[in-house]
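>>> Return atomic coordinates for the entry below.
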Amino acid sequence: MDTHTLAPAMDLAIRNGVSFPHESDEYRSARTALLAEEIELRRHIERVAQMRRALPAGGKVKSSYRFEGEYGPASFESLFGDKETLVVYCWMYGTGRERPCPMCTSQLAAWDGEAPDIMQRVALAVVARSPIDKLLAFKKERGWRHLPIYSDLTDAFSRDFHSTGADGKSDDAGFHVFTRRDGAVRHFWSEEMGAATADPGQDPRGAAQVMPLWAILDATPEGRAPNWYPKLSY
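Purely as a prediction, here's the structure:
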């Protein structure tokens, strides 16, 4: 995207011409200024997405990772199915957890509804370190219909892609993208933001907004409180 050829964001905001009943001039002026910033944010998101798509080839996936899915054993490459791109989410439901991470669960609940659309374009897999029967029992409990769930049989994938703690017991979430091109499977991109990249007073979230919960709360006066997280039940 050539930003030099784009109209100034404020010009577009003024040209938009939207207003709502009984709003004050003060409100409309502030909202127009905010709209200009929202346009700039959209443009920045697109610039980042273009930079991501232009990344050089990532490292080859050489290990023979082994998984167990709903329909039996699976190799890493088989997770691609007939697609050239694979999205893997590492679910924090390791062997040391009686119940899974509420944050992961909230996100995956939203992804379950989107999965049929996502899988029109790319392959999708949710990987966790607990036995497959335990994972599928929770999937049934939550009423998830579409998410392809896999158990990481040896923990090798989870270790290599930073979803197993140094103690070998704790786990962390992960969002990874892999490609299969010209006979080679490669790592393309992973979410790398965490505690080390967090700004003061904010949740250490990533820049890729893949959780609808936060996108909706960000549009409200309350916003997302840094000390609030979803729960498995209320």
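
>>> Please put the alpha-carbon coordinates of stretch 122-135 into PDB.
Extracted C-alpha coordinates of stretch 122-135, given in PDB (Å, rounded to 0.1, in the frame of the first residue of the first chain):
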ATOM      1  CA  VAL A 122      -6.300 -22.700   5.300                       C
ATOM      2  CA  ALA A 123      -6.000 -25.700   7.500                       C
ATOM      3  CA  LEU A 124      -6.600 -25.300  11.200                       C
ATOM      4  CA  ALA A 125      -5.400 -27.400  14.200                       C
ATOM      5  CA  VAL A 126      -5.700 -27.000  18.000                       C
ATOM      6  CA  VAL A 127      -2.900 -28.800  19.800                       C
ATOM      7  CA  ALA A 128      -2.700 -29.500  23.500                       C
ATOM      8  CA  ARG A 129      -0.600 -31.800  25.700                       C
ATOM      9  CA  SER A 130      -3.300 -33.800  27.500                       C
ATOM     10  CA  PRO A 131      -4.500 -37.200  26.200                       C
ATOM     11  CA  ILE A 132      -7.000 -37.000  23.300                       C
ATOM     12  CA  ASP A 133      -9.900 -38.500  25.300                       C
ATOM     13  CA  LYS A 134      -9.600 -35.700  27.900                       C
ATOM     14  CA  LEU A 135      -9.500 -33.000  25.200                       C
END
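
>>> Mind checking the pLDDT average for that stretch?
The average pLDDT within stretch 122-135 is 97.

>>> cool, stretch 37-44 as well?
pLDDT averaged over stretch 37-44 gives 95.

>>> And stretch 177-193, by the same measure?
In this model, stretch 177-193 has a mean pLDDT of 93.

>>> buried residues in the lengthiest helix in the chain?
Longest helix in the chain, counting residues (DSSP state H): helix 25-53. For helix 25-53, the neighbour count (16 or more other Cβ atoms under 10 Å) marks 31-32, 35-36, 39 as buried. C-beta here means a position set from N, CA and C on the backbone, and glycine is covered the same way.
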